[in-house]
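*Asks:* Structure, please.
(one chain, ligands or ions: 1)
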Amino acid sequence: MLVALAGGVGGAKLAQGLMLAGAEGSSTEYSRTDPAQVDPSVPELSVVVNTADDFEIVGLRISPDLDTVLYTLAGIANPETGWGVAGDSFASLDMLGRYGADTWFRLGDRDFATHILRTQRLREGRTLTAITAELAAALGVGPRVLPMTDDSVATVVETPAGNLAFQDYFVRRHQTDEVRGVRFAGIESAGIPAGVVAAIRSADLIVLCPSNPIVSIGPILAVPGMVERLRAAAAPKVAVSPIVGGRALKGPADRMLASLGHEVSPLGVARLYRGLVQGMVIDMVDADRRGAIEELGMRVLVTTAVMGGPEDRRRLAAEVIDFGHTLT
Ligand code: FO1
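*Replies:* Alright, predicted model coming up:
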């Protein structure tokens, strides 16, 4: 069983690659267990997803990273943005705009259905884990998609303009504010769902996807007990750098790292994951950072870490899996 920790678009791309690489088997089979012992009803891949970006708008609960992972694994994500549903229309949002409601968060008509159902199920008292499983099954998603917690956690971005809710900072204000600090409100009382505990325990490889280390992987690692459980797991842990050539593959990770005093390079990311992962996957343009990362006690795979379409995602995932299995 392979476990991936993921945020939004970058994480979803590698998760799709891991799904495709696993489905093909060959030299990149996830499980080193005797195939005869493998229970086919247990998914080979579990993706633990950040939920600290979640928020409410027009009365609906939105879980952007969960949906990005679900839509990507289902093959229905918008290929231009990476989030939302491909070919979606915006008639509902336009109508909301006519009523004077907020429209800065671009919710498509098909996407709305996900939020309506999730909100209804939450009101019925179901957990986010159960609801996500229901959505995944309906969309034909094979891997298990697991929220990092069923409890409410919200990223707060501290800026010169004051404390901003994450989507205010990210979407409404276009990530233009200087980030002075980040905190995760509610994290102290967040629990780890049983499915996440079980996935980590039975993992034979754990992959930290190329998502923002501060606001995507950061909240997952901040859930009380998560780092301890990851450390205690027998599986090797490998991280893929979201920083390539001094720039974030997507989003504000580069500016965020800089303003919080971290080096904007795979070395800066590796320092954040020190003591947790045994291996880092970095892009060829950053090959000069290899020695410094190895000095942190990690092994390094230098490859093409930028992902294009599904075949490219599968290629990187297969390399990550092969590299991961060489780590102890
Ligand atoms: N990101 C944007 O930059 N602008 C949007 O209008 C937007 C809408 C949106 C709707 C549904 C959804 O699931 C995601 C959406 N995102 C949008 C992406 C999302 O806010 C970010 O990618 C994540 O929160 C960061 O990982």
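*Asks:* what's around the residue of the chain found nearest the ligand, how many residues?
*Replies:* Residue of the chain nearest the ligand, by CB to the nearest ligand atom: G8 (2.7 Å). For glycine as for every other residue, the C-beta is placed from the backbone atoms N, C-alpha and C. By other CB atoms under 10 Å, 27 other residues sit near G8.
*Asks:* Would you mind confirming that it makes contact with W83?
*Replies:* Yes - G8 is within contact range of W83, at 6.5 Å (criterion: CB atoms under 8 Å).
*Asks:* overlap in contacts of those two?
*Replies:* Listed contacts common to G8 and W83 are P64, T68; contacts here mean CB atoms under 8 Å, 6 or more residues apart in numbering.
*Asks:* buried set for the least confident helix or strand in the chain by mean pLDDT?
*Replies:* Least confident helix or strand, the chain: helix 9-24 with a mean of 90, by mean pLDDT, DSSP states H and E. By neighbour count with 16 or more other CB atoms under 10 Å, helix 9-24 contains the buried residues 9-22.
*Asks:* now stretch 309-326
*Replies:* Neighbour counts using 16+ other CB under 10 Å place R313, R314, R315, L316, A317, A318, E319, V320, I321, F323, G324, H325 of stretch 309-326 among the buried residues.
*Asks:* next structured bit after the least confident helix or strand of the chain?
*Replies:* strand 45-49 (DSSP states H and E).
*Asks:* Give me the contacts around the helix or strand following that next one.
*Replies:* Scanning forward in sequence from strand 45-49 by DSSP H and E, the next helix or strand is strand 55-57. Applying CB under 8 Å, 6+ apart, the set of residues contacting strand 55-57 from outside is R61, I62, D102, F105, L107, A154, A165, F166, Q167.
*Asks:* So which of those residues belong to strands?
*Replies:* Residues of the contacts of strand 55-57 located in strands (DSSP state E): R61, I62, A154, A165.
*Asks:* List buried residues within those.
*Replies:* Here, 16+ other CB under 10 Å leaves R61, I62, A154 buried among the ones in strands among the contacts of strand 55-57.
*Asks:* Near the closest residue to the first one other than its chain neighbours, how many other residues are there?
*Replies:* Same thing as R61. Distances taken as CB to CB, 6 or more residues apart in numbering place T119 nearest to R61, at 4.8 Å, with adjacent residues excluded. Using other CB under 10 Å, T119 is surrounded by 17 other residues.
*Asks:* likewise the one 3 residues further on?
*Replies:* Counted with other CB under 10 Å, the burial measure for L122 works out to 15 neighbours.
*Asks:* per-residue confidence for it?
*Replies:* At L122, the pLDDT value in this model is 98.
*Asks:* which residues touch the helix or strand encompassing it?
*Replies:* Element membership for L122 (DSSP H and E) is helix 109-123. With contact meaning CB under 8 Å, 6+ apart, helix 109-123 is reached by 59-63, 67, 70, 84-85, 88-93, 107, 128, 130-131, 134-135.
*Asks:* Could you rerun that using 6 Å?
*Replies:* Contact with helix 109-123 is made by L60, R61, I62, D67, G84, V85, D88, S89, A91, S92, I131, as judged by CB atoms under 6 Å, 6 or more residues apart in numbering.
*Asks:* Tabulate the CA atom coordinates of it in CSV.
*Replies:* Output in CSV follows, covering the C-alpha atoms of helix 109-123 (Å, rounded to 0.1, in the frame of the first residue of the first chain):
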residue,chain,number,x,y,z
ASP,A,109,-22.4,24.5,-12.1
ARG,A,110,-21.2,20.9,-11.9
ASP,A,111,-18.8,21.7,-9.1
PHE,A,112,-21.8,23.2,-7.2
ALA,A,113,-23.4,19.7,-7.1
THR,A,114,-20.4,18.4,-5.1
HIS,A,115,-20.6,21.3,-2.5
ILE,A,116,-24.4,21.0,-2.2
LEU,A,117,-24.2,17.2,-1.5
ARG,A,118,-21.3,17.6,0.9
THR,A,119,-23.0,20.3,2.8
GLN,A,120,-26.2,18.3,3.0
ARG,A,121,-24.4,15.2,4.2
LEU,A,122,-22.5,17.2,6.8
ARG,A,123,-25.9,18.5,8.1
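*Asks:* right, and the helix or strand after that helix?
*Replies:* Following helix 109-123 toward the C-terminus (DSSP H and E): helix 128-138.
*Asks:* Quick check: buried residues in that following helix?
*Replies:* L128, T129, I131, T132, A133, L135, A136.
*Asks:* isn't the last one right next to L146, touching?
*Replies:* Put plainly, it is A136. No - A136 lies out of contact with L146 (CB atoms under 6 Å); the separation is 9.7 Å.
*Asks:* circling back: Provide a list of residues in contact with the residue of the chain closest to the ligand.
*Replies:* So G8 contacts D65, T68 (CB under 6 Å, 6+ apart).
*Asks:* Next to the ligand, which bits of this protein? Give me the list.
*Replies:* Contact residues, the chain versus the ligand (CB under 6 Å from any ligand atom): 7-9, 53, 64-65, 67-68, 83-84, 105-107, 111, 167, 170-171, 216.
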